[in-house]
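Chemist: no FASTA, just this:
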């Protein structure tokens with residue numbers, strides 16, 4: 001939106017300068033320009049206008065939000081991850097060392113009944129887990145937002161993350177990469193106090 005506003009401002013400045021050149025050629029403002037600097041300014045403003053508007057329109061058309069609100073059987077959830085590709089939702093936040101029921105959401109038709117996860121932790125350690133999943137009926141899911149339709153949702157076995165911080169989860173099915181996403185694993189405050 002900012003780029004579209006900047007492009008619009010450039011258009012307004014261009015219109016004002018062209019109008020001043022045609023209607024008030026000998027005004028103080030127009031007299032301050034030489035022929036060469038005026039032409040150079042018009043070229044720069046034209047290029048800036050096209051660049052700002054093009055990028056602004058492209059960004060607005062291709063932008064995917066970092067999360068998506070959905071309802072499953074009337075219960076509200078927020079999907080995080082790579083919206084439009086592969087994401088996840090759960091009933092609780094993700095905490096280090098605590099079992100988590102994760103549900104995977106895909107915008108492609110995939111079979112995650114036997115998925116393999118590769119978890120990359122901030123320390124560089126990598127963990128591989130095999131998880132079984134059960135497909136959730138798509139008719140029970142309502143999406144709030146303007147995105148492509150969800151094609152697959154799976155309720156996975158519980159998982160526990162062993163490190164806090166930003167981690168990457170890659171999901172595979174028969175050694176084929178389905179997708180990946182990033183998530184933030186937090187540490188509970190009382191767990192922090194008990195360690196000190």
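Modeler: Sure, I can see it. Keep in mind that what you see is a predicted model, and the values were worked out from it rather than measured.

Chemist: Quick check: pLDDT value at the closest residue to residue 140 other than its chain neighbours.
Modeler: Nearest-residue entry for residue 140: residue 73, 4.9 Å, with adjacent residues in sequence omitted and distances by C-beta to C-beta, 6 or more residues apart in numbering. No exception for glycine: its C-beta is placed from N, CA and C like everyone else's. On pLDDT, residue 73 comes in at 90.

Chemist: With residue 60 instead?
Modeler: On pLDDT, residue 60 comes in at 77.

Chemist: I'd like to know how many residues surround it.
Modeler: 11 (other C-beta atoms under 10 Å).

Chemist: Same question for residue 156.
Modeler: By other C-beta under 10 Å, the residues close to residue 156 number 22.

Chemist: hmm, back to that, close enough to count as contact, the residue nearest to residue 140 and residue 142?
Modeler: No - counting by C-beta atoms under 8 Å, residue 73 stays clear of residue 142, with 9.5 Å between them.

Chemist: So between the two, which is more surrounded?
Modeler: residue 142 (12 against 9).

Chemist: quick one: what helix or strand has residue 45 in it?
Modeler: Take DSSP states H and E as the rule and residue 45 turns out to sit in helix 35-62.

Chemist: Low-confidence stretches in this structure?
Modeler: 63-65, 190-196 (pLDDT under 70).

Chemist: got the domain boundaries for it?
Modeler: The record's domain split for the chain, according to automatic domain parsing, is 2-62, 67-195.

Chemist: Quick one: the strands in this protein, in order.
Modeler: For the chain, the strands defined by DSSP state E occupy 67-72, 75-82, 86-90, 99-100, 102-106, 114-120, 126-135, 141-144, 152-156, 159-160, 165-173, 176-185.

Chemist: okay, now residue 114: neighbour count?
Modeler: Counted by other C-beta under 10 Å, the residues lying close to residue 114 total 11.

Chemist: circling back: closest one to residue 7 among the strands of the chain?
Modeler: Nearest to residue 7, of all the strands of the chain, is strand 67-72, at 28.3 Å by C-beta to C-beta.
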